[in-house]
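Undergrad: sequence-free structure coming up:
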């Protein structure tokens, strides 16, 4: 299979997000904010691009296990593929559950929970390290002898199913709630209220949560996000922030047992000598979400740049097989640098203008290196864009980070 079904579905994702945004404006429910939604999408971009390199490890590991260590060779008849669907969904449940219960694994998954909103754009917000940490959980599927190609296809469709459940505009669905993962069940999963934390880990089928005691019905409206809010629109920082927390805790504790528990205990664990487990607290009624306020021109500029970034990312992912490793690294650097800098602009950081000027210069040089034909006269506007931005930025009314707290 040359292209991942998830990548092929990108246009559909954005069509459905656009429809939900339009309906949200009509319904005036306010489940979308520009800075939050763009950061969600940026996290998805960084996950997909980093996944190009991560799959060298994760997919190869599965294939090698299948080729050299499998006990059986299971055929690909429809009834075996139905069994494979159940096996993949079961393995996903445990990979997802352990991503909440093991601190190191949580570092790969926490990104998906950082948004304080709940809408279809949150489905795209994924952790770059998650597959690296949980790849081993799927190896028994290879050992049993299920075909790697079909495993990847069914795993991708399991992920695709979960896109539509990231919405507040679908209520409870009757008898389907007993079997399938639904928007209601998954809203619980994204809640940071103590009663909702670490519940409803299902992929497609909610039956695993019901069987293994992690099911929670949706009652009052959840407060979304994580117990210690990220407070940033920088997707690169979002990907590594919890690893920094782990490193800080790792250096705080002494002794092999304590250091092991920091890595593989529950998120928030500390020894009793340092205060013990940091348990989630009830969200205060007057809690205000993180938000920032920047000039309208900045929002417009960032939105245009995100459209260009999406075009570059889509081109990269759809033409991936045509690029050398050096070219992949160059594209990846452009995309990561751009995502981080645009996030800084949304935060209104005083350093963002200088960083954005540097990004445009770097991007222009990198693209010319990748495509020498850009030196031609027809691409002159692209070449002078960095200079024009620097001249415009001198008058840009950005100030040090200004945070506006909103409900």
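TA: Received it, and whenever you're ready, just let me know what you need. Remember, it's a predicted structure, so these values are computed and weren't measured experimentally.
Undergrad: low pLDDT regions in the protein?
TA: Along the chain, segments meeting pLDDT under 70 span 1-3, 373-407.
Undergrad: Find the residue at the geometric middle of it.
TA: Closest to where the C-alpha atoms of the chain average out (C-alpha atoms, centre = their mean) is residue 126, at 1.5 Å.
Undergrad: Please report the distance of residue 83 from residue 141.
TA: Computed as C-beta to C-beta, to the nearest Å, the residue 83 to residue 141 distance reads 11 Å. All C-beta spots, glycine's among them, are computed from the backbone N, C-alpha and C.
Undergrad: of the two, who's got more company?
TA: Taking other C-beta atoms under 10 Å, residue 83 and residue 141 do not tie; residue 141 has more neighbours (24 against 13).
Undergrad: Show me the contact partners of the helix or strand where the more buried one lies.
TA: Here residue 141, judged by DSSP states H and E, is contained in helix 139-144. Residues from elsewhere that reach helix 139-144 (C-beta atoms under 8 Å, 6 or more residues apart in numbering): 61-63, 65-66, 69-72, 74, 84, 87-88, 91, 148, 151.
Undergrad: Just the residues you listed: which are in strands?
TA: Among these, no member is found in strands (DSSP state E).
Undergrad: what's the closest of the residues you listed to residue 20?
TA: residue 88 (27.7 Å; C-beta to C-beta).
Undergrad: Counting neighbours, what do you get for the closest residue to that closest one other than its chain neighbours?
TA: Spatial nearest neighbour of residue 88, chain neighbours left out: residue 154 (5.1 Å); criterion: C-beta to C-beta, 6 or more residues apart in numbering. If you count neighbours by other C-beta under 10 Å, residue 154 ends up with 22.
Undergrad: give the contact list for residue 154.
TA: Shown in contact with residue 154 (C-beta under 8 Å, 6+ apart): 81, 84, 85, 88.
Undergrad: quick one: the residue lying closest to the first one once chain neighbours are set aside from residue 68, how far?
TA: Same thing as residue 81. In this structure, residue 81 finds its nearest non-sequential neighbour in residue 150, 6.3 Å apart by C-beta to C-beta, 6+ apart. Noted for residue 150: a distance of 19 Å to residue 68, by C-beta to C-beta.
Undergrad: So for these two, which residue has more residues nearby?
TA: Per other C-beta under 10 Å, whichever of residue 150 and residue 68 has more neighbours is residue 150, with 17 against 8.
Undergrad: Distance-wise, check that one relative to residue 156.
TA: Distance of residue 150 to residue 156, given as C-beta to C-beta: 11 Å.
Undergrad: And residue 127, by the same measure?
TA: In this structure, residue 127 and residue 156 are 17 Å apart, going by C-beta to C-beta.
Undergrad: okay, those two: which has more neighbours?
TA: Between residue 127 and residue 156, residue 127 has the larger neighbour count (other C-beta under 10 Å), namely 26 against 18.
Undergrad: can I assume that one is in contact with residue 239?
TA: Yes. Assessed by C-beta atoms under 8 Å, residue 127 is found in contact with residue 239 at 6.6 Å.
Undergrad: Find the residues that touch each one of these two.
TA: Here residue 127 and residue 239 have 43, 47, 111 as joint contacts, going by C-beta under 8 Å, 6+ apart.
Undergrad: so what's the second one up against?
TA: It stands for residue 47. With C-beta under 8 Å, 6+ apart, residue 47 has these contacts: 111, 126, 127, 128, 130, 239.
Undergrad: Beyond the helix or strand where the last one lies, next helix or strand please.
TA: Using DSSP H and E, residue 239 sits within helix 235-252. Proceeding N to C from helix 235-252, the next assigned helix or strand is helix 256-264, under DSSP H and E.
Undergrad: Now do the buried residues in the longest helix anywhere in the chain.
TA: Using DSSP state H, we find that the single longest helix of the chain is helix 34-69. Within helix 34-69, the residues that count as buried by 16 or more other C-beta atoms under 10 Å are 35-52, 54-55, 58-59, 61-62, 65-66.
Undergrad: same thing with stretch 286-299?
TA: Buried residues in stretch 286-299 (16+ other C-beta under 10 Å): 289, 290, 291, 292, 294, 298, 299.
Undergrad: The third one and residue 30 touch, don't they?
TA: So the one you mean is residue 291. No. The criterion here is C-beta under 8 Å, and residue 291 misses it with residue 30 at 11.8 Å.
Undergrad: State the number of residues packed around the closest residue to residue 340 other than its chain neighbours.
TA: Excluding the flanking residues, the one nearest residue 340 by C-beta to C-beta, 6+ apart is residue 236, at 4.2 Å. Neighbourhood size, residue 236 [other C-beta under 10 Å]: 19.
Undergrad: Domain-wise, how is the chain divided?
TA: 5-212, 296-393 (automatic domain parsing).
Undergrad: would you list these in a markdown table and tack on distance to residue 225?
TA: Formatted as a markdown table, the domains of the chain follow (distance: least, C-beta to C-beta, whole Å):
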| stretch | distance to residue 225 |
| --- | --- |
| domain 5-212 | 4 |
| domain 296-393 | 17 |
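Undergrad: which residues of the stretch 201-350 of the chain fall in helices?
TA: 207-212, 235-252, 256-264, 296-318, 325-347 (DSSP state H, counting those that start in this stretch).
Undergrad: nope, the stretch 51-200 of the chain is what I was after
TA: Along the stretch 51-200 of the chain, the segments classed as helices by DSSP H, counting those that start in this stretch run 78-101, 103-109, 130-134, 139-144, 148-161, 183-189.
Undergrad: can you put those helices in a markdown table and add distance to residue 303?
TA: Below are those laid out as a markdown table (distance: least, C-beta to C-beta, whole Å):
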| stretch | distance to residue 303 |
| --- | --- |
| helix 78-101 | 32 |
| helix 103-109 | 28 |
| helix 130-134 | 28 |
| helix 139-144 | 42 |
| helix 148-161 | 27 |
| helix 183-189 | 27 |
